[in-house]
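> Sharing a model that was predicted from the sequence below.
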Amino acid sequence: MDSSSTTKLSFLLIVILGGITSLTPFAIDMYLPAMPTIAKEFGVSAGAIQITLTSFTAGFAIGQLFHGPLSDSFGRKPILLLGTFFFVVTAVISAMTDSIDALMWVRTAQGFAGAAGAVVVQAIVRDMFAKEDFARTMSFIILVMTIAPLLAPLAGGYLAVWFGWRSIFWLLALIAFIMIIAFSLVIPETLKPENKQPFRLRTTIRHFYTLFTRPQAFGLIFTGAFSFAGMFAFLTAGSFIYIELYDVAITNVGYLFGLNILLMMVMTTLNGKYVKKLGSHYLLRVGLAIQLFASLLLVLAQLLDLGLWGVVLPVMLYFSTISMVGSNSIALLLSEYPEMAGTVSSLAGSLKFGTGALVAAAVSLLPGDSAWPMVLMMAFCGLLSILFYTCFAKEA
């Protein structure tokens, strides 16, 4: 396909690619309101059920290390379709599990399979668009994707109450199956035959080493990773904080999660509108500043004991620029290494979710009788993301 900036956006293209990337937030966010219910059914602690979220994230991180390089070798389409097919299979198995250990391992496999969609979609868009157009296109795809975390907690809460938590995974399998059909029929292969690179582990490791030894690449990767990890601190503990500490009904948790996504959608739209005018570096700095400010507000609200809305409002502000930071950091990174877009997307995505998994694990292992573990971890991530950008990736 034409890789020039004149490539026209197709509404159907945006919807389908956004739908593919939405599978991961559906797999995470639809599950969140039901976590206390699942913990009670299996007779385990909050920390134990939170580990199933960590395991999904860890599987997702590991999967991205493989799917990107494989898509550079065998093409985008077969890798994405195969990964999404196994995503369907693991969703069905998750719906039928009868122990917390089984659920943990199946969720790990589901994360591994789901990683194909996330990393390959970025590579597909990079095949088609140059830097600023890539950031603009990814903003629109992320905008479509944000419908998932907006609707998923609401759907998950009601499904858990009306049909039981297992129905969440049946719906997840159905959504993924529909995406397989739509992608197969509409999206062509975007990797030109002459751009395919033979899959060699040594070459992949060399590419990873190259990225780690380039200060700007290193900085951009971890800028996006820690920004994203702050979100995972909230996703891990948020439903328990709302339900257990502030007595929010399970069916209302989704509405509070939805507020985060609504503001994110507004900021994502603004990013897509102004990125060509203001540039990716400028908007990346704006996003990082807002996240740091939000995390400090969250600390202050806890010190002053401002209650439920002292958590909800700063978290909304933090969430608002996650896609702004993510889309601009990856756009800058891919613009420097277009010849290995799949590998770059793999490493960046893997470290993003790997960092998120570590943060989620840390939060789940800390005492859960207050919001402080989540609050301090979000502040820590907000500070680190802006430090990595300032020290390594700042525009010359």
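Here it is on my side, so go on. Only a predicted model underlies this, so the values are computations on that prediction, with no experimental measurement involved.
> Point to the helix or strand of the chain where mean pLDDT is at its lowest.
The element with the least model confidence among the helices and strands of the chain, by mean pLDDT, DSSP states H and E, is helix 131-145, at a mean of 71.
> Grab the nearest non-local neighbour of Gly272.
If you skip the residues right next to it in sequence, Gly272 has Ser139 as its closest partner in space, 3.4 Å away by CB to CB, 6 or more residues apart in numbering. C-beta coordinates here come from the backbone N, C-alpha and C atoms, glycine included.
> Show me what the least confident helix or strand of the chain is packed against.
Applying 3 or more CB pairs under 8 Å, 6 or more residues apart in numbering; DSSP states H and E, we find helix 131-145 packed against helix 11-21, helix 100-128, helix 250-278, helix 280-303, helix 322-336.
> quick check, distance from the helix or strand just after that helix to the centre of its chain.
Counting by DSSP states H and E, the element after helix 131-145 in chain order, helix or strand, is helix 147-162. Centroid separation for helix 147-162 versus its chain: 17 Å, with CA atoms, centre = their mean, to the nearest Å.
> Give me the next element, helix or strand, following helix 147-162.
Helix 147-162 is succeeded, C-terminally, by helix 166-186 (DSSP H and E).
> for the helix or strand that that following helix is followed by, which positions count as buried?
Along the chain past helix 166-186, the next helix or strand (assigned with DSSP H and E) turns out to be helix 201-213. Neighbour-count burial for helix 201-213, with 16 or more other CB atoms under 10 Å as criterion, is recorded at 203-204, 207-208, 211.
> Over to stretch 228-246?
Residues of stretch 228-246 classed as buried: 228-243, 245 (neighbour count, 16+ other CB under 10 Å).
> could you give the mean pLDDT of that stretch?
This predicted structure assigns stretch 228-246 an average pLDDT of 86.
> for stretch 167-179, same thing?
In this model, stretch 167-179 carries a mean pLDDT of 93.
> what's that stretch in contact with?
Stretch 167-179 is contacted from outside by 16, 19-20, 23, 26-27, 30-31, 34, 84, 87-88, 91-92, 94-95, 117, 155-156, 159-160, using CB atoms under 8 Å, 6 or more residues apart in numbering.
> tell me which strands and helices the host helix or strand of Thr54 is in contact with?
Here Thr54 is covered by helix 46-74, with elements defined by DSSP H and E. Helices and strands touching helix 46-74, as assessed by 3+ CB pairs under 8 Å, 6+ apart, comprise helix 23-29, helix 35-42, helix 76-95, helix 100-128, helix 215-240, helix 341-365.
> Name the residues of the last one that are buried.
It refers to helix 341-365. Across helix 341-365, burial judged by 16+ other CB under 10 Å covers 341-364.
> any idea of the mean pLDDT for it?
For helix 341-365, the mean pLDDT works out to 81.
> Ok, the longest one next?
Along helix 100-128, the predicted confidence averages to a pLDDT of 87.
> Ok, the third one next?
Confidence for helix 76-95, expressed as mean pLDDT, is 92.
> by how many degrees do that helix and helix 166-186 diverge?
Relative orientation of helix 76-95 and helix 166-186, computed by axes from the mean of the first three to the mean of the last three CA atoms, to 10 degrees: 160 degrees.
> Can you spell out which helices and strands pack onto helix 76-95?
Contacting helix 76-95 under the criterion 3+ CB pairs under 8 Å, 6+ apart are the following elements: helix 23-29, helix 46-74, helix 100-128, helix 166-186.
> one more time with 10 Å
Packed against helix 76-95 by the contact rule (3 or more CB pairs under 10 Å, 6 or more residues apart in numbering; DSSP states H and E) you find helix 11-21, helix 23-29, helix 46-74, helix 100-128, helix 166-186, helix 341-365.
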